[in-house]
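>>> just need the structure, nothing else, for what follows:
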Amino acid sequence: ARQHYSTAPPGCVSYPLKAPARRGRVLCGAGGAPRRPRTPLRAPSSAGAMRMRSYAALSLVAFAAVVAHAFREKGQFYPAMLYLQASKLSFVAVCNMAMVIGIL
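This next block holds a predicted model:
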């Protein structure tokens, strides 16, 4: 097994990398003080997930209401699609729903 020789200044933390040709990564804080490595990302909290669910549900309701209004107002597919694109409020609702789908 190949040994890892640290080139870190005293008081700093050195972590070996998996590639044998490279040296380890040195983590130092300000003034050469040791710094802890970053913690991995955690799963979202239940409050954050609940907020996202409610935001997605409200976006879906707004999207459905805007599409229903467009079809009730225009009656046919093509004029309803033009209305959804031309009306600022409906365009925002459609784009918001697209963003929610992209996030989920």
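
>>> going forward, measure contacts between C-alpha atoms and count neighbours the same way
OK.

>>> ok, then the element right after the helix-or-strand element of the chain with minimal mean pLDDT?
For the chain, the helix or strand with the lowest mean confidence is strand 25-27, at a mean of 53 (criterion: mean pLDDT, DSSP states H and E). Under the assignment DSSP states H and E, the closest C-terminal helix or strand after strand 25-27 is helix 46-74.

>>> give me the buried stretch members for the next helix or strand after that next one, please.
Stepping forward along the backbone from helix 46-74, the first helix or strand reached (DSSP H and E) is helix 77-86. Of the residues in helix 77-86, those buried by neighbour count under the rule 16 or more other Cα atoms under 10 Å are 80, 83-84.

>>> just stretch 85-104 next, same as before
When burial is assessed from 16+ other Cα under 10 Å, stretch 85-104 yields the following buried residues: 90-94, 96-97, 100.

>>> and the contacts of it?
Identification of contacts with stretch 85-104 by Cα atoms under 8 Å, 6 or more residues apart in numbering yields 56, 59-60, 62-63, 66-67, 83-84.

>>> what's the closest of the residues you listed to G48?
Checking the contacts of stretch 85-104 against G48 with Cα to Cα, the nearest one is A56 at 12.3 Å.

>>> grab the nearest non-local neighbour of that closest one.
When the adjacent residues along the chain are set aside, A56 lies closest to V100, with 6.2 Å between them (Cα to Cα, 6 or more residues apart in numbering).

>>> confidence score at that neighbour?
According to the per-residue confidence, V100 scores 93 in pLDDT.

>>> shouldn't it be within a helix?
Yes: checked against DSSP: H, G, I helix; E, B strand; the rest coil, V100 lies within a helix.

>>> what about it, distance to F77?
Spatial separation of V100 from F77 under the definition Cα to Cα, to the nearest Å is 24 Å.

>>> one more: I101?
As it turns out, when the distance is counted by Cα to Cα, I101 lies 23 Å from F77.
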